[in-house]
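Novice: Need coordinates for the following:
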Amino acid sequence: MSNPNILIIVGSLRSASINRRLAKALAVLVADRATITWADLATLPHYNQDQDASPTATVSAFREQVRQADGLLFVSPEYNRSIPGVLKNAIDIGSRPYGQSVWAGKAGAICGASPGATGTAMAQQHLRNVLNHLDVDLVRQPEVFLKLDDALITDDGQITNPSTEKFLGGFVDKLLTLVQRPQA
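Specialist: As a prediction, this is how the structure comes out:
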């Protein structure tokens with residue numbers, strides 16, 4: 001696979017989200033080795049099992065976007081020591097109806113940024129549990145709990161610190177390696 005399709009799923013709807021800024025930086029790091037697509041979680045309705053038989057066009061498009069992805073990059077904040085509701089909603093939409101999950105067998109990676117020292121550790125652990133259950137093969141190391149300040153990554157995704165750029169480059173390298181590994 002020479003140019004894998006990586007779907008970036010940001011767990012924040014805020015346009016000025018520091019996790020969106022981190023996602024842009026990661027996209028810049030892989031731009032020459034992958035095709036990047038972005039999931040739009042803001043357009044998804046709340047999951048409702050009554051609509052499984054006849055999903056909205058938005059739900060169908062999101063599910064197809066995940067199906068077409070070779071790899072998934074989850075970049076998410078932590079809300080109340082867990083994953084944001086909008087991200088959990090998207091995961092639920094992709095996992096249903098039962099037996100038709102679009103997540104199964106995908107390669108993925110999880111990371112997040114916070115202005116605080118503990119980063120997004122609890123949210124990532126919850127997300128890891130959910131994605132493991134859905135049979136997403138995740139990058140295990142390195143874990144990325146980034147304390148992000150305004151100077152570390154610019155609004156357009158440029159990383160200003162060489163050691164941070166090297167660390168994040170190693171992280172996306174692991175995702176690309178996992179994506180290109182033959183599936184069992």
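Novice: Please list all residues in contact with the residue nearest the centre of the chain.
Specialist: Residue closest to the average C-alpha location in the chain (C-alpha atoms, centre = their mean): residue 74, at 1.4 Å. If a contact means C-beta atoms under 8 Å, 6 or more residues apart in numbering, then residue 74 has 9, 11, 87, 108-111, 127, 131 as its contacts. C-beta coordinates here come from the backbone N, C-alpha and C atoms, glycine included.
Novice: So which of those residues belong to strands?
Specialist: 9, 108-111 (DSSP state E).
Novice: before we move on, back to that, what about the residue nearest to the centre of the chain, is that helix, strand or coil?
Specialist: When classified by DSSP: H, G, I helix; E, B strand; the rest coil, residue 74 comes out as strand.
Novice: To which secondary structure element is residue 178 assigned?
Specialist: Secondary-structure assignment from DSSP states H and E places residue 178 in helix 162-180.
Novice: Would you mind extracting the C-alpha trace of that helix into PDB?
Specialist: C-alpha atoms of helix 162-180 as PDB (Å, rounded to 0.1, in the frame of the first residue of the first chain):
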ATOM      1  CA  PRO A 162      12.200  20.000  17.100                       C
ATOM      2  CA  SER A 163      12.000  17.300  19.800                       C
ATOM      3  CA  THR A 164       8.200  17.400  19.700                       C
ATOM      4  CA  GLU A 165       8.300  17.200  15.900                       C
ATOM      5  CA  LYS A 166      10.600  14.100  16.200                       C
ATOM      6  CA  PHE A 167       8.400  12.500  18.800                       C
ATOM      7  CA  LEU A 168       5.100  13.100  16.900                       C
ATOM      8  CA  GLY A 169       6.800  11.900  13.700                       C
ATOM      9  CA  GLY A 170       7.700   8.600  15.400                       C
ATOM     10  CA  PHE A 171       4.100   8.300  16.500                       C
ATOM     11  CA  VAL A 172       2.700   8.700  13.000                       C
ATOM     12  CA  ASP A 173       5.400   6.400  11.600                       C
ATOM     13  CA  LYS A 174       4.000   3.700  14.000                       C
ATOM     14  CA  LEU A 175       0.500   4.300  12.600                       C
ATOM     15  CA  LEU A 176       1.700   4.000   9.000                       C
ATOM     16  CA  THR A 177       3.600   0.800   9.800                       C
ATOM     17  CA  LEU A 178       0.500  -0.700  11.500                       C
ATOM     18  CA  VAL A 179      -1.700   0.300   8.500                       C
ATOM     19  CA  GLN A 180       0.700  -1.400   6.100                       C
END
